[in-house]
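K.L.:
Build me a model from this:
(chains A, B, C and D, ligands or ions: 4)
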Amino acid sequence: ASLTVGFSQIGSESGWRAAETSVTKQQAEKRGVDLKFADAQQKQENQIKAIRGFIAQGVDAILVAPVVATGWEAVLQEAKDADIPVMLLDRGIDGSPDLYMTMVASDQVLEGKVAGEWLVKEAAGKECNVVELQGTTGSSPAINRKKGFEEAIAGTPTVKIIRSQTGDFTRAKGKEVMEGFLKAENGGKNICALYAHNDDMAVGAIQAIKEAGLKPGTDIKVVSIDAVPDIFKAMADGEANATVELTPNMAGPAFDALEKFKADGTLPPKQIITESKLYTQADDPMKVYEEKKGLGY
Amino acid sequence: MSSRLLPFYATLAIFVLAYGVCVFQFPNMLSTRVAGNLLTDNAFLGIVAVGMTFVILSGGIDLSVGAVIGFTTVLIAVLISWYGIHPLAAFAIALAISTAFGAAMGVVIHYLDVPAFIVTLAGMFLARGMAFVITTDSIPIRHEFYTTLQGLYLRLPGGGRFTLIGGLMVLVFAFGIALAHFTRFGSYVYALGGNKTSAELMGVPVARTTIGIYALSGFLSGLAGVVFSLYTSAGYSLSAVGVELDTIAAVVIGGTLLTGGVGLVAGTFMGVIIQGLIQTYIVFDGTLSSWWTKIVVGLLLFAFIALQRLLVVLSDRKRLLRNTPT
Amino acid sequence: MSNPDLLTARDIRKSFVGFKALDSVDFSVRAGEIHALLGENGAGKSTLIKVLTGVLRADSGTFELNGDPITVRDTLHAQQLGIGTVYQEVNLLPNLTVAENLYIGRQPKRFGLVDTRAMHKMARALLADYDIDIDVGAQLSSFSVAVQQLVAIARAVDMSGSVLILDEPTASLDRHEVELLFGVLRKLRDRGLGIVFITHFLDQVYAISDRITVLRNGRLVGTRETASLPRVELVSMMLGRTLAAATEHGRRDAPPHSSRRIAFHDFGRDRSIAPFDMTIHAGEVVGVAGLLGSGRTETARLMFGIDLADCGTIGIDGKPVKIASPRDAVRLGFGLCPEDRKADGIIGDLSVRENIALALQARRGWLRRMSTSDQTELANRFVKALDIRTTDIEKPVKLLSGGNQQKVILARWLATSPRFLILDEPTRGIDVGAHAEIIELINKLCDEGLALLVISSELEEIVAYSTRVRTLRDRAHVGELTGAEISTGSIMQAIAADPGGAK
Amino acid sequence: MPGLRKAAPQLVSLGVILFFNWLAFPGFFDLRIQDGRLFGSLIDVLNRGAPVAILAIGMTAVIASKGVDLSVGAVMAMAGAVAATMTVAGHPPPIVLLSALAVGVACGLLNGLLVAVLELQPIVATLILMVAGRGIAQLITEGVIVTFNDPGLIFVGTGAFLDLPMPVVLAAALALLAVLVVRRTALGMLIESIGVNRSASTYAGINSRLLIIIVYAFSGFCAALAGIIAAADIRGADANNAGLWLELDAILAVVIGGTSLLGGRFSILMSVLGAIIIQAMNTGILISGFPPEYNLVVKACVIILILLAQSASLGGVAWLPRRIPAAKSKEA
Ligand SMILES: Nc1ncnc2c1ncn2[C@@H]1O[C@H](COP(=O)(O)OP(=O)(O)OP(=O)(O)O)[C@@H](O)[C@H]1O
Ligand SMILES: Nc1ncnc2c1ncn2[C@@H]1O[C@H](COP(=O)(O)OP(=O)(O)OP(=O)(O)O)[C@@H](O)[C@H]1O
Ligand SMILES: [Mg+2]
Ligand SMILES: [Mg+2]
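P.N.:
Numbering: from 1, shown residues only, chains lettered A, B, ... in the order given. Ligands and ions are numbered 1, 2, ... in the order given. Now for the predicted structure:
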């Protein structure tokens, strides 16, 4: 019989998230898995409800993309009591590793670090004032990507963050906040680089930079995270410099592990960390753009 | 009396009908597990909704509840995890603060005559902002007491659990019903919602009642925060975002009029459960994409409200004919 | 036997922006007396009551209760001091039950919780004094204005330890209920209560009061023993002039039936009012009489398209027309002054000017706005014609006294130069002067060719202006009196004919 | 027009906020021409405030009729989604704009029908579309940000007219037009009348049902316009985030502008002023350099201060004696 798997997704707040959902669905279809999808509309309580619902339905396994690291122990214990394996996507949880079978995630701190290291190299010892567009206040990618970036530039006093505000992970806020930064920093002349916690904010900020009469990518370097298609277009136009990939295919490895486990009981490793690959203008951005376009970003 | 209960019966009838439809489609939904989950998963929502019912009955609104829940979870987590305070003491502190916060909003609303919508909107910003200021990290709570509390549940035949927090919600509803219908405070609340000027002329202590109502809502939001922190064993500044709208929807689905003065606490219980049912149904269905989820929730919301209106209007007509006084 | 003063107010002053509502007024009520407080609309009677009971704060002045100086903090405090009050307009809570309205704030308790059973029992006993036997657990809003008024009175009476104040309590009551109320008041007076009674019905004043205080334009005119004050003198005290004997109108003769007429045929609505026929000619005043709940208001609502008739036809000057909404009615030149002016009449926050222009504007459509100067001109004209007392026409209409609000609504319809005007209790809460003016106005209007349908509980008034009187009973039109048949006696007989039909 | 005296608390609030902005950033009032349009923080305030101002214009009418429209944020997302997908599909800008605006009007009509004909409570009636509308927007874009490059559409968001950014021009034009329509016709008075007492208005022969539907349709139109501007500004339709929570900002703007949530008297220009005040505060927070954790706390404090100022200027602060509103004692 084919497997029935429940997937509790956070929501559809960004293009990347939508891509992850559609890739997960594609992966399930490819393997003949019957995927039960539940969108939590950004709410942890809804995710918990969904997991409980999956348990009540008696699914064969549960995928969860946890909206936050804490707060899962009770409900995952219930799943465990019901002998339903749980696999975490995107991020780990705070709690005993016994509660889940495996976790497929990127290293968010590493993502920030990769971006930071790229910038340190790019600045090459010259003075570089960075403005930072943070993700949604309190969200774990915002916290971790900030942390990783700060770690990477910690040893280089010439590279420093002069302004940091939240752009809520959205294009519109990214643009608005960047406009403010530009005004406040002498029309942008004090700014050497922009670090955005996701590409959407970077795309918005690029427009703000252009409208202020500066050249994004040259006057102000732009580095961001996620690797959504639109940023590759900007890179192809020379308006963005680098992005760190966060793959939307978290479910593939999870399904692989599940299938193996169901076949012969092999337990997968507790952590499957996806690659945080750096893309720069040198990586033929147009080609990547074409590849990524169909993934449902 | 029957006129007051009418929307409640309508809602009850709709719920039974809807549950029947669900069970017909997914036989698994008729289980103690699902029933137990409905209570546990909606416990915090139910508890704030009781407070919100009082607020709305009095003709006001409280947009701050979700943020107060978030703030409370953070405060409790910080008190326990960082300062090593015993959870019970942390609960007491959190409840005291949330009650005072509600009372303060009540004071502003009454004495400065500013619309509740705006005062509580500012309250929402403030509570959420204070949570951010304390910490933006999500903080796990590891304390034996928590484990003990979480372990307290009745196992129902069929694998369901009647948990402590589910039970607490039921208690709060019982308390709310008693408060609304069997105390003077309750009649003052209805009086304010019916007509504030008349209430004032009839000697209802408007200031005391208004402040009491918002303090109650603050207290119950704090209690919901406690429940939420038990539910997740964590404190997180972004928890319970948007819960105010879910709560208002639950109250309104339960037959309470936003204009105030009309409604039942028991109806709110039905509203909460109906919302939980909608979500359970969507999870069981499992084919809806993110966007269809929203659309379907909207449509179901509409269906419930329209059906309820229809029932009320129909029986209202019949009633008028009978109840022609001298 | 002059009893001691119970509640005394001295040198009370109260100003609202721009003018003095009370100017150095002295007032006192003795134990064991019924004291009538009289004056024109806007004289300041209600304001005085509000100041006495803590709703409004006087600018200056002193109060004494039983000789002790007091400061009434608020209405609750007034109640605690034993002052029970019924304010003008029914000020109860429509969404609460009758019993809750009677006992809010002092519900009986058992084990710390409200004892609903006991409360209902007490409520039934209390209302029995007023001959009301209703389900006290039902919402107040499901009862007629009259019942609500009686509930308010019963509540105030029950709460008044020493002083009872009634601000126009009889406005929506009919004779029977007024008699009951008076019986209760006399009993209370004999028990030693001081009762303040505001009304515009002079008959009632003479029937029940011991002393009379008259206010005019916020000033005290005087306090007199009722027995020694002739009616004519009282009226001149109130108005500051003598009233032409015009009130004592002779009955009017029906005008020659013209072809200009409005005809309702077989018009009715299931369970609301039985189908009836009625033809009203231009220049005619048809009075409508009936007991409370007999279906008078229903008739008006049906004619004006608020409720839809489910059978029957309407013809204007012989041409069939359709009325599916008040808007249709207005377009055909109908107008309606509703019974409940607070809920259905005034637009409280809008100015007197806008309230007067509203119906005309609605008929013109939103595109053809009346210019502000036209509106002002219109409003000024009617303020003068109807003697509406207001400091200026930009004042929100809710700040006007009750009687003046009524006149504003009348002005709203007159401004549309209607062909057919329905007045539901037009003189409710209107002072003697204005009362006479309105009756005169009704007569004048119908001389000008207007067709009028006037609903009123005051039979003398109906007799005074009606060319025909339609009588209603149990939601059906049961008869019509014309010409010489019209007298209070014959009307009484017609509307109460069936002893089982009404209370 | 409302006298300056009536607008005093709002103007003072704005002045104080701008003063603090200037303290935080001395270049706040600098203006220069950049690529044919004015450039500077002050312009940013107007430009960023434009969508909320436009929403507030529609919202004012709705609130005046004793309603409220929670769906405007979702309608923005829908209109943006329609505009973007149609543009990407190659339709010319005029058709695209008309279609997007038509979507907004249709949404408004739906709200209006629910409120006026089914007589649902406005908050609930519009909550339905608030939830479902965003879903529909995402359905249209399939959850992705639909990016476009059509200069015509982009002009609506980032172009300039007389050196002023288009959003500002559009908001100003709409405000003036709305004020003209509302005050030069009887619409304003009739809406106020319905808002104060719907029953009495109906008795007076006003077609309150139709008017309510019109008011919601207008709000839908405004929301669609704001949605088009928001999409054009970022050259993409972000169905997930466009207009998110802006309904609250719009309501706040109306209330700060002094229109009562209980319906009745309203002033469109004051609501626009309210929107500018909110944006001045937001921009101030952005350039102040405070860490973002403090954003909400600052915002809350500012709102409370504005309300205090307003309340005090109306003589509402009566701490000591119990205040029974004399004006209300006659009115329900
Ligand atoms: N809150 C207020 N603000 C301004 N003016 C007011 C206010 N309340 C009452 N007035 C004015 O005070 C005057 C006295 O009003 P009041 O209600 O006392 O009259 P009244 O004698 O009771 O008349 P009626 O017989 O019509 O009820 C009126 O001119 C009225 O317009
Ligand atoms: N919405 C309602 N709910 C319950 N009862 C109602 C309602 N509307 C009217 N009634 C009742 O129907 C009866 C007939 O009403 P109607 O107003 O026509 O009588 P009326 O002869 O005009 O009496 P009144 O002198 O009280 O106006 C009244 O007793 C009234 O209480
Ligand atoms: Mg009066
Ligand atoms: Mg009547």
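
K.L.:
Briefly note if the worst-scoring helix or strand of chain D on mean pLDDT comes near chain A.
P.N.:
When each helix and strand of chain D is scored by mean pLDDT, DSSP states H and E, strand D:32-34 comes last, with a mean of 76. Yes: for strand D:32-34 and chain A, the contact criterion (CB under 8 Å from any CB of the partner chain) is met by D:Gln34. From N, CA and C alone the C-beta is placed, and that goes for glycine too.

K.L.:
Now that strand: buried residues?
P.N.:
D:Gln34 (16 or more other CB atoms under 10 Å in any protein chain shown).

K.L.:
pLDDT weak spots in chain D?
P.N.:
Applying pLDDT under 70 to chain D flags the ranges D:1-5, D:312-332.

K.L.:
In it, what residue spans correspond to helices?
P.N.:
Assigned by DSSP state H, chain D shows helices spanning D:8-24, D:41-64, D:72-88, D:93-116, D:122-141, D:151-158, D:166-184, D:187-196, D:198-203, D:208-234, D:246-256, D:268-288, D:295-313.

K.L.:
nearest to ligand 1, of the ones you listed?
P.N.:
The closest of those to ligand 1 is helix D:187-196. By CB to the nearest ligand atom, the value is 16.4 Å.

K.L.:
The closest one vs helix D:268-288, what angle?
P.N.:
Between helix D:187-196 and helix D:268-288, the angle comes out at 80 degrees (axes from the mean of the first three to the mean of the last three CA atoms, to 10 degrees).

K.L.:
Up against ligand 2, what does chain C have?
P.N.:
C:142-146, C:290, C:292-298, C:339 (CB under 6 Å from any ligand atom).

K.L.:
ok, of the residues you listed, which one's closest to C:Arg106?
P.N.:
C:Arg106 lies nearest to C:Phe143 out of these, by CB to CB, at 21.7 Å.

K.L.:
re earlier: what is the least confident helix or strand of chain D packed up against?
P.N.:
strand D:37-39 (3 or more CB pairs under 8 Å, 6 or more residues apart in numbering or on different chains; DSSP states H and E).

K.L.:
Check whether the strand it packs on comes into contact with chain A.
P.N.:
Yes: Strand D:37-39 reaches chain A (CB under 8 Å from any CB) through D:Phe39.

K.L.:
And that strand, what does it pack against?
P.N.:
Packed against strand D:37-39 by the contact rule (3+ CB pairs under 8 Å, 6+ apart) you find strand D:32-34, strand D:164-165.

K.L.:
What are the boundaries of the strands in the stretch 151-300 of chain B?
P.N.:
Using DSSP state E, counting those that start in this stretch, the strands of the stretch 151-300 of chain B run over B:153-155, B:161-163, B:234-235.

K.L.:
deepest of the ones you listed, which one?
P.N.:
strand B:234-235 (a mean of 30; mean count of other CB atoms under 10 Å in any protein chain shown).

K.L.:
Find the closest residue to ligand 3 in chain B.
P.N.:
Ligand 3 sits closest to B:Leu201 of chain B, with a gap of 13.7 Å, by CB to the ion.

K.L.:
mind listing what that residue touches?
P.N.:
C:Val55, C:Thr75, C:Thr85, C:Tyr87, C:Asn91, D:Ser329 (CB atoms under 8 Å, 6 or more residues apart in numbering or on different chains).

K.L.:
how about 6 Å then?
P.N.:
For B:Leu201, the contacting residues are C:Thr75, C:Tyr87, C:Asn91, by CB atoms under 6 Å, 6 or more residues apart in numbering or on different chains.

K.L.:
And A:Ala38, how far from A:Ala56?
P.N.:
According to CB to CB, to the nearest Å, A:Ala38 and A:Ala56 sit 12 Å apart.

K.L.:
any common contacting residues for those two?
P.N.:
With CB under 6 Å, 6+ apart, A:Ala38 and A:Ala56 have no common neighbours.

K.L.:
How many neighbouring residues does the residue nearest to D:Pro292 when sequence neighbours are not counted have?
P.N.:
Once flanking residues are discounted, D:Pro292 sits nearest to A:Thr166: 3.9 Å by CB to CB, 6 or more residues apart in numbering or on different chains. Residues near A:Thr166, counting by other CB atoms under 10 Å in any protein chain shown, number 25.

K.L.:
surely A:Thr166 meets A:Gln134?
P.N.:
Yes: using CB atoms under 6 Å, A:Thr166 makes contact with A:Gln134 at a distance of 4.6 Å.

K.L.:
quick revisit: can I get the contacts of B:Leu201 in TSV including distance to B:Pro157 and neighbour count?
P.N.:
Listed next are these as TSV, based on distance: CB to CB, whole Å; neighbours: other CB atoms under 10 Å in any protein chain shown:
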residue	distance to B:Pro157	neighbour count
C:Thr75	57	25
C:Tyr87	60	26
C:Asn91	56	22
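
K.L.:
any chance you could map the helices in the stretch 1-150 of chain A?
P.N.:
A:15-30, A:44-57, A:73-81, A:108-123, A:140-153 (DSSP state H, counting those that start in this stretch).

K.L.:
ok, residue 114 - contacts?
P.N.:
Answering for chain A, as no chain was given. So A:Val114 contacts A:Val244, A:Ser276, A:Leu278 (CB under 6 Å, 6+ apart).

K.L.:
not quite, I wanted chain D
P.N.:
D:Leu120, D:Ala125.

K.L.:
Quick check: it vs B:Val296, distance?
P.N.:
Taken as CB to CB, the span from D:Leu114 to B:Val296 is 18 Å.

K.L.:
Nearest to B:Ala90 among the contacts of A:Val114?
P.N.:
Out of the contacts of A:Val114, the member with the shortest distance to B:Ala90 (by CB to CB) is A:Ser276, at 38.3 Å.

K.L.:
who touches that closest one in this structure?
P.N.:
By CB under 6 Å, 6+ apart, the neighbours of A:Ser276 are A:Ser106, A:Leu110, A:Glu111, A:Val114, A:Val244.

K.L.:
rerun at 7 Å
P.N.:
By CB atoms under 7 Å, 6 or more residues apart in numbering or on different chains, A:Ser276 lies in contact with A:Ser106, A:Asp107, A:Leu110, A:Glu111, A:Val114, A:Val244, A:Glu245.

K.L.:
and it, helix, strand or coil?
P.N.:
coil (DSSP: H, G, I helix; E, B strand; the rest coil).

K.L.:
Now do the phi/psi pair for it.
P.N.:
phi -110, psi 90 (degrees, to the nearest 10).

K.L.:
Out of the helices of chain D, flag the one nearest A:Thr4.
P.N.:
So among these, helix D:122-141 is nearest, using CB to CB, at 25.3 Å.

K.L.:
Can you tell me what sits against the closest one?
P.N.:
With CB under 7 Å, 6+ apart as the test, helix D:122-141 has contacts from A:12, B:245, B:249, B:252, B:258, B:290-295, B:297-299, B:301-302, B:305, D:67-71, D:73-75, D:77-78, D:81-82, D:84-85, D:107, D:110-111, D:114-115, D:237, D:239-240.
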